[in-house]
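A.B. asks: I would like to see how this sequence folds:
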Amino acid sequence: MEGLARRDALVFDYARRNGAPAASALAGGYARHLADTVSIHVGTILAARDAANYRAKLETKER
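C.D. replies: Residues are numbered from 1 along each chain as shown. Below you'll find the predicted structure:
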């Protein structure tokens, strides 16, 4: 799951830095246990949130 977290952070950070919109579709089947799949999905959502919050903070500082 660590590799997926790195991927998510990389993708959302790239989109943020380049002013590109980002979207994510969540699906199942990543793990044998449902709790692991949920954890992966939550990680993706948190990575998107963190990238958006970082951008919002930068825009606030520029004002």
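
A.B. asks: Stretch 23-33: which residues count as buried?
C.D. replies: Residues of stretch 23-33 classed as buried: none (neighbour count, 16 or more other CB atoms under 10 Å). For the C-beta atoms, the positions are set from N, CA and C on the backbone; glycine is no exception.

A.B. asks: Then stretch 41-59?
C.D. replies: Applying 16+ other CB under 10 Å to stretch 41-59 flags H41, G43, T44, A47, A48, A51, R55 as buried.

A.B. asks: swap in stretch 10-27?
C.D. replies: V11, F12, D13, A15, R16.

A.B. asks: any idea which helix or strand carries the fourth one?
C.D. replies: Here A15 sits within helix 2-17, counting by DSSP states H and E.

A.B. asks: Give the next helix or strand downstream of that helix.
C.D. replies: If you walk from helix 2-17 toward the C-terminus, the next helix or strand you reach (DSSP H and E) is helix 34-62.

A.B. asks: Can you find the helix or strand in the protein with the smallest mean pLDDT?
C.D. replies: For the chain, scoring each helix and strand by mean pLDDT, DSSP states H and E identifies helix 34-62 as the least confident one, at a mean of 85.

A.B. asks: about what we covered before: can you name the residues in contact with the helix holding A15?
C.D. replies: Applying CB atoms under 8 Å, 6 or more residues apart in numbering, the external contacts of helix 2-17 come out as 20-22, 30, 40, 43-44, 47-48, 50-52, 54-55.

A.B. asks: Next, give me the two most distant ones among those residues.
C.D. replies: Based on CB to CB, the longest span within the contacts of helix 2-17 runs between Y30 and R55 and measures 27.3 Å.
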